[in-house]
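Asker: After the sequence you'll find the predicted model.
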Amino acid sequence: MALDATTALAGGPMTPAGGGTLRRLARRRSTIAFLMTLPLIAVIAGLVAYPAGYAIYLATLNRRMTGFIGLGNFEILLESETFRMVIWQSCFFAVTAVILKALFGFWLASMLHHIPTKGQRIWRGMLLLPWVVPPALSTLGWWWMFDPSYSSINWVLTAIGGPAIPWLGEPWWARVSVILVNVWAGTPFFMIMYLAALKSVPDQLYEAAAIDGATGWQGLRYVTLPMMRNIISITVLFSLIVTFANYDIVRVLTNGGPRDLTHVFASYAFQVGILSGNIPRGAAVSLFMFPILAGIAFFVLRGVTQRNKEMA
Amino acid sequence: MAQVNIKKVVKEYEGGVQAVKGIDLDIGDKEFVVLVGPSGCGKSTTLRMIAGLEEITSGAIEIDGNIVNDVPPRDRDIAMVFQNYALYPHMSVYDNMAFGLMLRKFPREEIRRRVENAARILDIGPLLERKPKALSGGQRQRVAMGRAIVRDPKVFLFDEPLSNLDAKLRVQMRTEIKKVHQTVKTTTVYVTHDQVEAMTLADRVVVMNHGIIEQVGPPQVLYHSPATKFVAGFIGSPAMNFIPARLEQASGALNVRLSDGALLPVPADRTARYAGHAGREVLFGIRPEHLTAASQMEARPGLAPLSLTPEVVEPLGAETLFYCWRDGGEICAKIDPGVAAAPGVPLAMTADMNRMHIIDPATDKVL
Ligand SMILES: Nc1ncnc2c1ncn2[C@@H]1O[C@H](COP(=O)(O)OP(=O)(O)OP(=O)(O)O)[C@@H](O)[C@H]1O
Ligand SMILES: [Mg+2]
């Protein structure tokens, strides 16, 4: 306010009334701030809002994209047995994979955390590899290892007297394989996030807990996990979104087969939208999880903000 | 209620740093013992070994007569207050205090009773539902103490609990800690590098330096009869003056001869004590409060006249300090504020020779 008044006074005598207000508007901080963020707003609008809006618009069209049918595509999809299977399949895939990634990630992170700093870097680097390698490439490697006739995994299994497993040929094993590869590729992300979170818990809290009478497990339950809650929930949320959108692993390993039994939203959307040429329905498939994930994200992030306010 | 015995305890950190070099200390039941010493002297290490947070390289620590070297902290029945409080940020004040009791499976009502009792002692009743973030430094300090009190442990351990507080709050909390100890009477080991804190709180003060114990004793004993030059210089504020001097014997009497020729007679009751060192170079130690203006002292035996020329004068209100330099050393004196002292003007002073100390520079022992 005071600033406004002084600038107005300074500019007042020299400019006519109309120019004065315009200049004042231009000088106001919020105006300047808005102008300066305009490029970013434009980028977000162009790269995020427009495609998202367009996808929603597409999903409401008929197959030929000539008429508006509202939620018709969704109605048709929900009636289709295959799509109901895809929903179930995607949820099973995402939830199992995220839980496993979180558990393994935490396990690896706490092991790394207890390695002295000198040796830690090498291990951290090696364990990050699966996450860094382009997934299409590494999945191809797994595909070879799962290959029915040349599977190296089966070779090892039979060498130690186990049965050969139809990794990609039988629906349940195919699901396991997809989850396995996703967990393999995604665990390092959890590991690195959890490692950072573990490092941020002050040692003194563990010392205080030890003196208060906590065993190692109780320290984990009452100190470590609550202190990591924000990172855990953000990581899980993020991974859940990414895993629900996963495409390349299913595409490379099973391509939805056998008998469309391993499709997830993304691979099914591609099949319906691009391969079968029904773009509106493909858009509807890929949008299906959006409201649910958005709702989850809203509650998780609200919890995070609230805890941040209380604790940090 | 318990006693703690420390026997020939050594702590060597990885890399060969000997933080504690074989200390012996017996702490009695209900006693308030303060470990004091300069930074890096091994106070925290000692305390953390009592807590079980740090392994002992050799020696033994006993709590209530049982060797606890290999007992984990949770089974030692001790409570500790950390310098930066180490409150659990995700728990309310109530839960912070209740946590230890909950882990020990106390019944709900008993926990509530104890927490509320501690909250009353520490005057933090209205804060119980808050998270630590919403507390001031002093309030956090109280919660940290509350967490220790509710446990009713055998031993309280404090590691510089007041050093994060501002000066005024520090004095207030100091009184508070003393009051709490008088109420609960738990055996307490308290670490600080502030000698005023040590003097005001302790039943016995342990002065440490470079990983060894220099002297153990009640505050008054440390003040009046320090055993070493280090203790003499560490206890008391402003610190004791050390002036290079020579002990001279003349016709049965002993004198302290300062380098500028001034001669200070040693009181008769001390001559026997120092006789063996006659003719040697020594350090003459005298506290600023025992160097006073001649005009403010009534004549009595043992006062030796001395002329000093103030160079810096610091009026503090209740008293005035002045500093002068001689032989490269600084001398501080504490005089009555009524005495006119001005820089560059020689002042007639008296040294209270009944309170002096003679230090053997070869061993740094007080003779
Ligand atoms: N984890 C450690 N590894 C190696 N050396 C250590 C370790 N902790 C402390 N030291 C060393 O041990 C010595 C004593 O440390 P300690 O923390 O006991 O000092 P202190 O008396 O508490 O000092 P302060 O008043 O600064 O807290 C120091 O020289 C310190 O550098
Ligand atoms: Mg310390």
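Answerer: Sure, I can see it. Everything quoted here is computed from the prediction, not taken from an experiment. Residues are numbered from 1 along each chain as shown, chains lettered A, B, ... in the order given. Ligands and ions are numbered 1, 2, ... in the order given.

Asker: And the next helix or strand past the worst-scoring helix or strand of chain A on mean pLDDT?
Answerer: Of all the helices and strands that make up chain A, helix A:2-11 has the lowest average by mean pLDDT, DSSP states H and E, namely a mean of 41. Per DSSP states H and E, the first helix or strand lying C-terminal to helix A:2-11 is helix A:17-27.

Asker: Any idea how far the helix or strand that comes right after that next one is from the middle of the chain?
Answerer: Counting by DSSP H and E, the element after helix A:17-27 in chain order, helix or strand, is helix A:29-44. How far helix A:29-44 lies from its chain's middle: 28 Å, per C-alpha atoms, centre = their mean, to the nearest Å.

Asker: buried ones in the helix or strand following helix A:29-44?
Answerer: Reading on from helix A:29-44 to the C-terminus, the next helix or strand found by DSSP H and E is helix A:50-59. Neighbour counts over helix A:50-59 (16 or more other C-beta atoms under 10 Å in any protein chain shown) mark A:55, A:58-59 as buried. Heads up, the C-betas are built off the backbone N, CA and C, glycines and all.

Asker: what about the longest helix in chain A?
Answerer: helix A:81-113 (DSSP state H).

Asker: what kind of secondary structure is B:Val216 in?
Answerer: strand (DSSP: H, G, I helix; E, B strand; the rest coil).

Asker: Excluding sequence neighbours, find me the nearest residue to it.
Answerer: B:Val206 (5.0 Å; C-beta to C-beta, 6 or more residues apart in numbering or on different chains).

Asker: Tell me the one of the buried residues of helix A:50-59 nearest chain B?
Answerer: Distance to chain B across the buried residues of helix A:50-59 (C-beta to the nearest C-beta) is lowest for A:Ala55, with 39.9 Å.

Asker: That closest one contacts A:Gly282, correct?
Answerer: No - between A:Ala55 and A:Gly282 there is no contact under C-beta atoms under 8 Å: 9.7 Å.

Asker: how about the residues of chain B near ligand 1?
Answerer: Chain B comes close to ligand 1 at residues B:13, B:17, B:19, B:37, B:39-45, B:193, as judged by C-beta under 6 Å from any ligand atom.

Asker: what do you get if the cut-off is 5 Å, keeping everything else the same?
Answerer: Taking C-beta under 5 Å from any ligand atom as the criterion, chain B approaches ligand 1 at residues B:13, B:17, B:19, B:39-45, B:193.

Asker: want to throw these into TSV with neighbour count, secondary structure and distance to B:Pro346?
Answerer: Shown next, in TSV, are the residues of chain B next to ligand 1 (neighbours: other C-beta atoms under 10 Å in any protein chain shown; DSSP: H, G, I helix; E, B strand; the rest coil; distance: C-beta to C-beta, whole Å):
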residue	neighbour count	secondary structure	distance to B:Pro346
B:Tyr13	12	coil	53
B:Val17	12	coil	50
B:Ala19	21	strand	48
B:Ser39	7	coil	39
B:Gly40	14	coil	41
B:Cys41	23	coil	40
B:Gly42	23	coil	45
B:Lys43	26	helix	43
B:Ser44	19	helix	47
B:Thr45	21	helix	49
B:His193	19	coil	37
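
Asker: restrict the residues you listed to those near chain A?
Answerer: By C-beta under 8 Å from any C-beta of the partner chain, no member of the residues of chain B next to ligand 1 lies near chain A.

Asker: Can you report how many residues lie near A:Leu35?
Answerer: The number of residues packed near A:Leu35 is 10, by other C-beta atoms under 10 Å in any protein chain shown.
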